[in-house]
Every structure is written in structure tokens, then in C-alpha cells.
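> Okay, predicted coordinates and the sequence, questions at the end:
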Amino acid sequence: MSTLAAGINPTILQRLKFDGKHIAFWTYILVIGTFVILPLGLLLLNSFRSVSVGDLNFYFDKFTIANYVEAYSNASTYKMLFNSFWFAIGSMCVGITIGASLAFFSERTDLPLRKTIPAIVMVPLVMPGVVEGIAWVFLLSPKIGLLNLLANAVGIEGGLFNAYSLSAMIWVQGIGMSPLAFLLIAATLRQMDPALEEAALGSGASVYKIITRVTLPLLLPGIAGVSILLFIRGIEAFEIPLLLGFSSGIFVFSTNIYYALRSAFPPDYGLGFAYSMTLILLCLVALFFYQRQFKNSEKFTVVRGKGYRPRLIPMGRWRYLGWSCVVFYFLFVVVLPMIILIWASILPYYRPPSLAALAAVTLENYWAILESPELWDAVWNTIILAGISSTVIMFLAFLSSWFVYRTSLFGRKVLDFVVFLPYALPGIVIGVSFMVVFLSFPNPIYNTIWILVLAYIVNYLPIGTRFTNAAILQIHKELEEAAQASGAGFFTTMVRIWMPLLIPSLINGMLFILILCIKVISTAVLLQGPESTVLPVYLWTLWDVGESGMASALAVLMVLVVSLMMLVARYFGGNRREAAVV
């Protein structure tokens, strides 16, 4: 034993010492790694197997590269790859541009009524992707689109817009992702120390130099994180490409994966997994640049142990341009989709708005929905799924961020990499992977709500860590050092310093994940059982069977209820934020 120990670097032995912190850390890695690597390993294994219905498992046989040959020997694959990149990059740019602009107006300017901007931005966040796509079909369709009909009414033949185009897909997906960009960038702007900008102003720097050399570099970690999240969400987006691109022959990876795993008969699992591995490769490239961006994160610290308030920039005559942007967003992103959705919900079947159609207006769709026992079963299941998943995710996300950025534990970078990996897996592939895993051995949770909880925790944990990472990176270590110097222990430091500063990010993170649990269908549609139907799947079922009126009515009710929840959460979160910062 002594001879073996003598041949090992003492530094490595010291870094691998096992005290309470190390045991907790490695236990955490083991648990997270199992639920992340197991589905990933299953996906990789089956992408190199000739599999069929009933043959998905951990069998090490039937190995082949035929899945990849089939995928990448077809010229249409490269067109699909081109569409996927343009769709992801375009929607990312739209989301970042809108989210960052509105965050700047809301947090750092004296724009009148700027406090109303967060409430406006949150409306697209709560709309299910399926219904958002349907609303924009009603607005941009060449034949029945409201905006095209208005264009025809003023003498513009043929209309102006086409819902079934790549540009329309980019626009709809981008505005759907803009609330995430707003939440993350606004959190960074809200906590930025104005002394840095004031020092630059006192040295004679122009506003342009202050923004480009001080503000933007401080925002760079947050913008980089948001860009990665939006790009990957665009690459694996499902509802919008299915509704707006599939019928017009505009295919992306997600729609082909869905077809291979769900629509094709028999399902072509090997082809779907081969396409999914391409998404994982894209994620690995994104993670490489993400790690390079954050390796010197200390220089981006903007929250320190002194009180301050964000510096508001006077808009002057530019306030008219600012409000024009806000009004445009409010009208074309919030009001028009909601109006057309409400209009569809009060008609037995959809008809373009007209005086003649008013005679058919009815509230029967709302009564039918509220009297449906299937609705209330779905509501209860959704409450369990969203509540437990969002709470557990933010707790695990905080642990991950703290281990990675506030300790020197050996293996912390591995943890950060493993936690972020699930974002490379489309929700539908995570559903298939968990289905296969839990069909491989007898267990009591398959076909119950608890398998959905596990799958959602794995799927959305990377999103939770982006909230906690951004917040922890901005808290300077001098706060902990001051607490330790005053005799405070770890628990006291955590409760009195960390938690008050992190509450806004934790609330925003839980809120965003809760909304995702309510509106995303890709994972739940594969894992739900007869007694575990959740709201987004129930909504999709209504639309799929042709009940557009009932589906629209349910969507309106979901938007109203979740919007109220969001306003309440942001109200209490805002009060705690002020107490923490001041």
C-alpha cells in the first residue's frame, strides 16, 4: 500500500481527499451522471444498431452503420441541415435582439411606464408553442391570414406575408424565445454596478465607448449563455417547424426525428437516433465556446459588497423610438395573436373576422372545456409535474453552480459539462430514451406522472443552471470573505448572503421552467400513461382531432391563469430583490 501511494502524485491525493464536502460532491455527480449519461448512452448505442419495434434496449448486437449511411447519403439531409442552421441562428438573433432591447429599456432607461415592459414580454412565454404557431397561421396564412386579408382590403393583391416559409418560422420561434433572453439579460443589467460606467464617464469617454468597452464586456457572459440556449432551442424546436414548415416541404432535424420515431410505421428508431447524434455534436461545439467564454469569469463580477442602484440613462428625444419598439412588440407579438386566439375560441369552427361571423359567436367551447373531467385530471397532473420538477431543478441547479464556481473541487468542470449535456437531446429523444430505460426492468413508475418528473428534471436542469450560473458569477467572493471574517459559518453565509441575492434568479428560473412544463409536449407525449395526461398533451389532442375551438378556449384559459401566476411571482420576487440589494 505504501509503495502504491509513493508512486502517486501527492497533489492528486490531496485533491481526492474525502471529507463531507467531497462525499456530497461525488454523490451528486453519481446521481446526476446516471440520469444524464444513461439516456445519452442508450441513444448512442442504438444509433449504431439495427433496431425495430420491441427491440430497443441495452443489447450489444446487430451493430451497423446503416443508420448513418441512410441519413447522410441523401441529398435532402444537407438541405435539412441548411434549414436547421438558418432557422436556429435566425430565431436566436430575433430572440436576442428583442429580449436585449426590451431588457435595456426596462432596466437601464428612464422610459415612461418602463415597469410595464416585463408584464408585456411575459405573455408570449406562457403561450403553448402549438397554439402560438396556430395563431400565426391565422395571421399570416396566404388565404385566411388576417394580416393578408387586411392587405388585400387596401388593394395589395396576393397579400404581404406567407406563414409557410422559413422567414415566418424564424420570426415565430424568435419571438417565442425572446422572454428567456429578456429574463436573463434583465437580471444582469439589474445587478450591474453603475460605478464602472460612471468612472468611464468621468474619464471623458463617450456613451458609445462606455457601452462597447464597459457595458457590453460585462454583459458578455450572460449574452453568451443566452445565445447558446437559444441556438440549441432553435436547433431542436419542434412545434413551430411542424406547423409552419412541414406542409410546405421545409424540414429541420426535429421534424424528421419526430417522423422517424412517431409518425413512420414501423418507427425508424435508428434513423432518428442518427439525426439526434448530430444535435449532440452541435451542443458539444457550443459547450466548447461556452467554457472558453467563462474560464476567466472573475473579471466579469459586477455585484460587490456595497450598496448601489442601477444608473438610469435619460432617453430624451430617443424615448419616442424606445416606445415605438415597445408598442410594436405589444401589438404584433402580444395583442394580435391573443385577439385571433380569442376569436377562434368563440367560434364553432374558424372563420376570418367579419360582421357576418359575429352571428356564430358562442361560449360553448369554454363551457365544454370546463365541464370536461379529462381537463381537471390533466390540471392536477400538470400541477404535480410542474411544481415538483421546477423546485427540484432549481435546487439541483444551485448545487451545480455552487460546486462549479465557488469550490476548487477536483471534477467540478466535468459536473458542469454533464449537467449541460441534456440540452443536446431533443425532448422527444429524451422521452424515447426514458421509455426504453424504464421498460428494461420491472418498476412502479412507468406510465405514471413520476417518470415524467424524472425526464423533465433531466431535460430542463441545464436551463436552471444558466439562471444560477449567471447570478453566482456576479457575486464577488468578498461577501463570503467578510462573513467568514465576522465568524459566520457556511449555513449562516448561505442563508444571510447567498439566498437573498439569488432569490430573484431562483424565482425567475422556477417560473420559466414551470412554464416549459406547462406548454411543451415533446417529452410528455411519449411518456404519459392513461392516468398521467398533462395539459399540453391534452391541448394537442384537442387540436389533432379537429376541436380547434375547444383547443383555443383551453389555450386562452391557460394564458390567463399562468399570466396571473407570473405577475404574482414577479411582484413578490421584486420585493425580495429590493430588500436583498439595498
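Cool, the structure landed.
> how many neighbours does residue 327 have?
12 (other C-beta atoms under 10 Å). For glycine as for every other residue, the C-beta is placed from the backbone atoms N, C-alpha and C.
> Could you pull out the helices in the stretch 301-450 of the chain for me?
Secondary structure of the stretch 301-450 of the chain, counting by DSSP state H, counting those that start in this stretch: helices at 319-329, 336-345, 364-370, 373-405, 412-420, 427-439, 449-473.
> now for those helices, which one comes closest to residue 246?
helix 427-439 (14.5 Å; C-beta to C-beta).
> just checking, what packs against the closest one?
Secondary structure elements in contact with helix 427-439, counted by 3 or more C-beta pairs under 8 Å, 6 or more residues apart in numbering; DSSP states H and E, are helix 20-47, helix 253-258, helix 269-294, helix 449-473, helix 524-527.
> mean pLDDT lowest for which of the ones you listed?
Sorting these by mean pLDDT places helix 269-294 lowest, at a mean of 73.
> quick one: residue 417 from residue 467, how far?
Residue 417 sits 18 Å away from residue 467, going by C-beta to C-beta, to the nearest Å.
> Out of the two, name the residue with the larger neighbour count.
Set residue 417 next to residue 467 and count neighbours by other C-beta under 10 Å: residue 467 wins out with 30 against 16.
> And the residue nearest the centre of this protein?
Among the residues of the chain, the one closest to the centroid is residue 463, at 6.0 Å (C-alpha atoms, centre = their mean).
> contacting residues for that residue?
Taking C-beta atoms under 8 Å, 6 or more residues apart in numbering, we find residue 463 in contact with 229, 393, 423, 509, 512-513, 516.
> who's in contact with stretch 118-125?
Here stretch 118-125 has contacts from 99, 102, 106, 132, 175-176, 178-180, 182, 186, 326, 329-330, 333-334, 337-338, 512, 515, 559, 563, 566-567, 570, using C-beta under 8 Å, 6+ apart.
> Can you tell me which of those residues are classed as buried?
99, 102, 106, 132, 175-176, 178-180, 182, 186, 326, 329-330, 333-334, 337-338, 512, 515, 559, 563, 566, 570 (16 or more other C-beta atoms under 10 Å).
> still on that earlier bit, can you put the helices and strands packed on helix 427-439 in TSV and add distance to residue 320?
Below are the helices and strands packed on helix 427-439 laid out as TSV (distance: least, C-beta to C-beta, whole Å):
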stretch	distance to residue 320
helix 20-47	49
helix 253-258	41
helix 269-294	36
helix 449-473	32
helix 524-527	45
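> now for those, which one comes closest to residue 364?
Of the helices and strands packed on helix 427-439, nearest to residue 364 by C-beta to C-beta is helix 524-527, at 27.4 Å.
> Just the buried positions in the helix or strand following that closest one, please.
Using DSSP states H and E, the helix or strand that follows helix 524-527 in sequence is helix 535-544. For helix 535-544, the buried set under the neighbour-count rule, 16+ other C-beta under 10 Å, comprises 535-543.
> Show me the two of those residues that sit farthest apart.
Top of the distance list for the buried residues of helix 535-544 (C-beta to C-beta): 535 and 543, 12.7 Å.
> hmm, who's touching stretch 154-169?
83, 86-87, 90-91, 136-137, 139-142, 145, 147-149, 151-152, 240-241, 244-245, 247-248, 250.
> how about it as CSV, C-alpha atoms only?
Provided in CSV are the C-alpha atoms of stretch 154-169 (Å, rounded to 0.1, in the frame of the first residue of the first chain):
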residue,chain,number,x,y,z
VAL,A,154,-56.4,48.1,-49.1
GLY,A,155,-55.6,47.0,-52.6
ILE,A,156,-52.4,44.9,-52.2
GLU,A,157,-53.1,41.8,-54.3
GLY,A,158,-51.7,38.5,-53.0
GLY,A,159,-51.1,39.8,-49.5
LEU,A,160,-47.7,40.6,-47.9
PHE,A,161,-46.9,37.6,-45.8
ASN,A,162,-46.6,33.8,-46.0
ALA,A,163,-46.9,31.7,-42.9
TYR,A,164,-45.4,28.7,-44.6
SER,A,165,-41.9,30.0,-45.1
LEU,A,166,-38.6,29.8,-43.3
SER,A,167,-38.7,33.5,-42.5
ALA,A,168,-42.1,33.1,-40.8
MET,A,169,-40.7,30.1,-38.9
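> for residue 465, what are its contacts?
397, 400-401, 416, 419-420.
> Tell me the buried residues within the contacts of stretch 154-169.
Applying 16+ other C-beta under 10 Å to the contacts of stretch 154-169 flags 83, 86-87, 90-91, 136-137, 139-141, 145, 147-149, 151, 240-241, 244-245, 250 as buried.
> Take those and keep only those in strands.
If you go by DSSP state E, those have nothing in strands.
> Mind checking which of those are in helices?
83, 86-87, 90-91, 136-137, 139-140, 147-149, 151, 240 (DSSP state H).
> so can I have CSV of those residues showing distance to residue 25?
Formatted as CSV, these follow (distance: C-beta to C-beta, whole Å):
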residue, distance to residue 25
83, 42
86, 41
87, 39
90, 40
91, 37
136, 46
137, 49
139, 51
140, 51
147, 55
148, 58
149, 60
151, 60
240, 40
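> could I get those as TSV with pLDDT?
Conversion of these to TSV gives the following (pLDDT from 0 to 100):
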residue	pLDDT
83	90
86	92
87	93
90	93
91	92
136	87
137	82
139	86
140	86
147	83
148	82
149	81
151	80
240	87
